[in-house]
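Novice: Coordinates only, no sequence provided:
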């Protein structure tokens, strides 16, 4: 099963919640940068393995939590073996862990013949992580409110191309939110403009209204991000933003050719020499059929 990444075309913080989280408003886009997940029924408990040795295989993995929660709620005694072939960088703002958990929920729903409706899977997903509900549903764009887990789909068959650039640094979402001064009283961009642009398939307008309120604090923590942005902008691409709480950034291009040319320049120039180790650069498009 494919487990796609996401990027945030728009991300704003509305305020602090009583539960310690923040109320946000965001616009998600699924992209075709995907992990692969294989589920196999087992007589044992929950066993998780991966091609990436950095991935936790215990309760610290959201897939483990998803499997455990579904077994408990549905009274399942069977176990499951989960193999996760990772391609999405870990802790990079691309939602890989949340996507894996959502994919596991949907896959186990079929494997164990549970016939659980998507809205019920979403409720389970909310207990696992804020980004999980977005990955339950089969549409490429959506607005997320609340903790990001109140999902409203955006009807559009728009397909966009991106260069996704992930530095080796990792940042913790909790720390980014704790360290940020959001300026909650200042005038902010209107998410409705972004939504209308997606509905109208107006890539130029989308480029102009990319927004991430977390970007200033993330760029302070990961100084290489500014170097990436400057390199990309000097080559004529000004639509570049951090996704989620970073540190991954994405550049929005008009077509695949532009994306591949920029990727090649990054690989051959920017990422060479001292920047080479640990950098991951992908060309990705909107995942329109999930």
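Specialist: Here it is on my side, so go on. It should be emphasised that the depicted structure is a prediction, and the values quoted were computed from it without experimental measurement. Residues are numbered from 1 along each chain as shown.
Novice: drop to CA atoms for contacts and neighbour counts, all remaining ones
Specialist: OK.
Novice: Give me the local confidence score for residue 22.
Specialist: Note for residue 22: predicted pLDDT of 88.
Novice: Repeat that for the one 5 residues further on.
Specialist: Looking at residue 27, its pLDDT reads 98.
Novice: so which strand or helix has it?
Specialist: For residue 27, the host element (DSSP states H and E) is strand 22-42.
Novice: Quickly run through the sheet partners of the following helix or strand past that strand, with directions.
Specialist: Of the helices and strands lying after strand 22-42 in sequence (DSSP H and E), the nearest is strand 46-50. Strand pairing for strand 46-50, using DSSP bridges, gives strand 79-85 (parallel).
Novice: quick one, strands of the stretch 101-250 of the chain?
Specialist: 141-145, 150-153, 161-166, 211-212, 240-242, 249-253 (DSSP state E, counting those that start in this stretch).
Novice: Distance to residue 282, mean neighbour count and mean pLDDT for the ones you listed - can I get that in a markdown table?
Specialist: Formatted as a markdown table, these follow (distance: least, CA to CA, whole Å; neighbours: other CA atoms under 10 Å; pLDDT from 0 to 100):
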| stretch | distance to residue 282 | mean neighbour count | mean pLDDT |
| --- | --- | --- | --- |
| strand 141-145 | 20 | 25 | 98 |
| strand 150-153 | 26 | 17 | 97 |
| strand 161-166 | 5 | 24 | 97 |
| strand 211-212 | 21 | 24 | 96 |
| strand 240-242 | 14 | 27 | 97 |
| strand 249-253 | 9 | 25 | 97 |
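Novice: Nearest to residue 69, out of those?
Specialist: strand 150-153 (20.0 Å; CA to CA).
Novice: what helices or strands is the biggest helix by length in the chain leaning on?
Specialist: For the chain, the helix with the greatest residue count under DSSP state H is helix 96-111. Judged by 3 or more CA pairs under 8 Å, 6 or more residues apart in numbering; DSSP states H and E, helix 96-111 is in contact with strand 2-16, strand 22-42, helix 62-74, helix 118-128, helix 132-136.
Novice: what's the angle between the second one and strand 161-166?
Specialist: Right, the one you point to is strand 22-42. Orientation check (axes from the mean of the first three to the mean of the last three CA atoms, to 10 degrees): strand 22-42 against strand 161-166 gives 90 degrees.
Novice: and the angle from strand 22-42 to strand 2-16?
Specialist: 150 degrees.
Novice: Just the buried residues of strand 22-42, please?
Specialist: Residues 22-37, 39 are the ones in strand 22-42 that count as buried (16 or more other CA atoms under 10 Å).
Novice: Residue 270 versus the closest residue to residue 212 other than its chain neighbours, what's the distance?
Specialist: Excluding its sequence neighbours, the residue lying closest to residue 212 (CA to CA, 6 or more residues apart in numbering) is residue 11, at 4.6 Å. In this view, residue 11 and residue 270 are 27 Å apart by CA to CA, to the nearest Å.
Novice: Between those two, which is the more surrounded one?
Specialist: A direct count of neighbours by other CA atoms under 10 Å for residue 11 and residue 270 places residue 11 higher, at 27 against 17.
Novice: In the protein, which residue sits furthest out from the middle?
Specialist: Farthest-out residue of the chain from its mean C-alpha position, per CA atoms, centre = their mean: residue 43, at 32.8 Å.
Novice: Quick one: residues contacting it.
Specialist: 78-80 (CA atoms under 8 Å, 6 or more residues apart in numbering).
Novice: In three-state terms, how would residue 289 be classified?
Specialist: Three-state assignment for residue 289 (DSSP: H, G, I helix; E, B strand; the rest coil): coil.
Novice: Now for it: which residues touch it?
Specialist: Residue 289 neighbours (CA under 8 Å, 6+ apart): 138-140.
Novice: Filter those residues down to just the ones in helices.
Specialist: Among those, no member falls in helices (DSSP H).
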